[in-house]
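Chemist: Pasting a predicted model and its sequence here:
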Amino acid sequence: MTSKQRAKQQSAIRKRNKIRKGVQKRKLLLNLFDALIASGPIFSKSQFHGNIKWEPEQLATQALIWSWQDTKNVTDAFEKTLEACEKLGLKNVSKTYTGFMDALSRYRKTIRDGLRNRLQDLAEQIGGGFFRNKKWMLMGFDGSRATAPRSKANEKVFCTAKYGLGKKARYNANKRKRENRNRKAQLVTQHEPQVWITMMWHMGLRLPWTWRLGPSNSSERGHVQEILAEEEFPANTLFCGDAGFTGYPLWNAILETGGHFLVRVGGNVKLLSEHVDFKQIPGGIVLCWPKDCMESGKPPLRLRLVRVQIGKTEMWMLTSVIGERDLSQKDIVQYYKMRWLIEVEFRGLKQTIDKHKLRCRNSERLLAELDWSLMAMAFAELIAMRSQIPAVAKNKSAYTPKDRSLANTLRVLRKFIRTLDEVVALTSLDDALKNALVQNYKNSTNKRARYRPRNAHIKPLGNPIVTKMTSIHRRKLKEIELAAAA
């Protein structure tokens, strides 16, 4: 026997021994779902109709598998999900697509809230040192839109009633007319219905934390205030937002929860200063005190205004953290750069999970589809992080959640779902998830778009408007301080 034949024989023996010691993929997935969706505590206090034939834990598992599918149609995804559930031995699931979507629509908030709380608990347990940066739990928020099919039900719920009649829309229409004088002016038609997504995103773990959905003209600031009123956040949470998240009501709501905020501001914000030149104030202390709040007796918000440079852009950042030891200028730059990566999370939802345009033509089912797409993305990233962080601690190698790849994680999960009958090694799923990382290579070409459009009609943000406090402000402030002391 030659050395080549001997090596081939030994390889075959090792493979047979591996299969003998291995398990079927279905067992690995069942163990995974048991760890994520523990039976009992999640939905123990929830109320469901007495005639349902499914269990909420198994329905949630079924919905996650359904949202991980990569088929074009939601009905085809359900057929594949039903086959996977039969192989996994899940008997108390919905057997028809209609019953499945009706259950997700009717109990959307109940199941979503229970599973979201479970997601947040697991994130804190698994996150380790990445859960907080210094003493802060960093929470970014932003909004985006997803397009819906143009059905009557979707248009009624998600379209704006006065589409094309706003100031900006009229300006753009007149601009097109000027550019196309020799062409016939195109009539303003009803645009495609869109769903607004406002997401709170854990910046340290790069993980969706919570979200709200609404029609295309929803207020993202209103969504954030709704989340703050309904949900609880850990101590020392620092909320980070861009220039759209401004205003006394929002900032005051954040402070009332015991958290702090860091927001970019510009010419859209008016502040007060005790000095003429606010740039010379140590620490840049300013007051946010609109006229209506002052007249109604509400106290001002004492804030710190900091000028920083990020890349080539100089910008103003406003924070409720007064002490520079707690939040230095270097920290402000780092945290605002981290917040921008929420745009990558939205890209993962729209491109990787392919939810740029949703499928359902019924408004209630469409909200359930988008809810579970966000939930499936969050749990997929949590599953990958669950395998990667312990491996890093064991090998003492450099790792950050930024190295995690959503696309590669979904490839691993989809492959296991497609091949549930195969026999593999006991650690095969864990090993595959450990390697679900982004490609680590140095790009030698320029990624900048050659035909990058110029947004000439978008004005620069400018500087915040800071005025000196008047005698009226000082008198009102003294009255409030005396009333508080009494």
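Modeler: Ah, there it is. Numbers count the residues shown, from 1 in each chain.

Chemist: can you give me the helices for the stretch 301-450 of the chain?
Modeler: 329-340, 342-347, 363-395, 406-418, 428-434 (DSSP state H, counting those that start in this stretch).

Chemist: by contact count, what packs against the first one?
Modeler: Packing contacts for helix 329-340, counted by 3 or more CB pairs under 8 Å, 6 or more residues apart in numbering; DSSP states H and E, involve strand 137-147, strand 237-241, strand 260-265, strand 301-310, strand 313-319. Where you see a C-beta, it was placed from the backbone N, CA and C, and this is true even at glycine.

Chemist: one step back: redo the helices of the stretch 301-450 of the chain as a markdown table? Include mean neighbour count and mean pLDDT.
Modeler: Below are the helices of the stretch 301-450 of the chain laid out as a markdown table (neighbours: other CB atoms under 10 Å; pLDDT from 0 to 100):
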| stretch | mean neighbour count | mean pLDDT |
| --- | --- | --- |
| helix 329-340 | 16 | 95 |
| helix 342-347 | 17 | 96 |
| helix 363-395 | 21 | 91 |
| helix 406-418 | 19 | 95 |
| helix 428-434 | 19 | 92 |
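
Chemist: To Leu82, which of these lies closest?
Modeler: With CB to CB as the measure, helix 406-418 is the member of the helices of the stretch 301-450 of the chain nearest Leu82 (11.9 Å).

Chemist: List the contacts of the closest residue in space to Gln62 that isn't next to it in sequence.
Modeler: Distances taken as CB to CB, 6 or more residues apart in numbering place Val93 nearest to Gln62, at 4.5 Å, with adjacent residues excluded. If you count contacts by CB atoms under 8 Å, 6 or more residues apart in numbering, Val93 has them with 54-55, 58-59, 61-62, 82, 85.

Chemist: Out of the helices of the stretch 301-450 of the chain, flag the one nearest Lys8.
Modeler: Nearest to Lys8 among the helices of the stretch 301-450 of the chain is helix 428-434; the distance by CB to CB comes to 22.9 Å.

Chemist: what packs against the closest one?
Modeler: helix 25-36, helix 363-395, helix 406-418.

Chemist: In TSV, list those along with distance to Lys350.
Modeler: Formatted as TSV, those follow (distance: least, CB to CB, whole Å):
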stretch	distance to Lys350
helix 25-36	24
helix 363-395	10
helix 406-418	12
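
Chemist: Tell me which of those helices sits nearest to Gln351.
Modeler: helix 406-418 (9.0 Å).

Chemist: centre of the chain versus that closest one, how much separation?
Modeler: 20 Å (CA atoms, centre = their mean, to the nearest Å).

Chemist: got a list of contacts for that helix?
Modeler: Taking CB under 8 Å, 6+ apart as the rule, helix 406-418 contacts 25, 28-29, 65, 68-70, 80, 84, 348, 352-353, 377, 380-381, 383-384, 429, 432-433, 435-438.

Chemist: got the residue ranges for the strands in the protein?
Modeler: Here the chain has its strands, by DSSP state E, at 23-24, 137-147, 194-202, 207-215, 237-241, 260-265, 270-273, 285-288, 301-310, 313-319, 423-424, 465-468.

Chemist: ranking the ones you listed by burial, who's on top?
Modeler: Among the strands of the chain, the stretch with the highest mean neighbour count (mean count of other CB atoms under 10 Å) is strand 237-241, at a mean of 25.

Chemist: Now do that one, average pLDDT.
Modeler: What strand 237-241 shows for mean pLDDT is 97.

Chemist: for stretch 104-124, same thing?
Modeler: On average, stretch 104-124 scores 94.

Chemist: Pull the distance from that stretch to the chain's centre.
Modeler: 14 Å.

Chemist: What are the contacting residues of it?
Modeler: Under CB under 8 Å, 6+ apart, the answer for stretch 104-124 is 36-38, 42-43, 46-48, 56, 59-60, 63, 131, 202, 205, 207, 209-210, 234, 362, 364-365, 367-368, 371-372, 375, 378-379, 382, 386.

Chemist: returning to what we had before: pick out the shakiest of the strands of the chain, pLDDT-wise.
Modeler: Among the strands of the chain, strand 23-24 carries the lowest mean pLDDT (a mean of 83).

Chemist: so what does that one touch, helix or strand wise?
Modeler: So strand 23-24, by 3+ CB pairs under 8 Å, 6+ apart, packs with strand 423-424.

Chemist: and the strand it packs on, what other elements does it pack with?
Modeler: Looks like strand 423-424 contacts strand 23-24, helix 25-36 (3+ CB pairs under 8 Å, 6+ apart).

Chemist: go again using 10 Å as the cut-off
Modeler: helix 3-21, strand 23-24, helix 25-36 (3 or more CB pairs under 10 Å, 6 or more residues apart in numbering; DSSP states H and E).

Chemist: ok, of the ones you listed, where does mean pLDDT dip lowest?
Modeler: helix 3-21 (a mean of 64).

Chemist: What residues are recorded as beta-bridge partners of the closest residue to Asn252 other than its chain neighbours?
Modeler: What sits nearest to Asn252 in space, not counting adjacent residues and going by CB to CB, 6+ apart, is Leu301, at 6.4 Å. Beta-bridge partners for Leu301, by DSSP bridges, are Cys288.

Chemist: Leu301 contacts Ile285, correct?
Modeler: No: look at Leu301 against Ile285 with CB atoms under 10 Å: they stay out of range, at 11.2 Å.

Chemist: what's the distance between Cys288 and Asp242?
Modeler: 17 Å (CB to CB, to the nearest Å).

Chemist: quick one, what contacts the residue nearest to Ala153 when sequence neighbours are not counted?
Modeler: Of all residues not flanking Ala153 in the chain, Ser363 sits nearest, at 4.7 Å (CB to CB, 6+ apart). Shown in contact with Ser363 (CB atoms under 10 Å, 6 or more residues apart in numbering): 105, 148, 151-158, 193, 195, 215.
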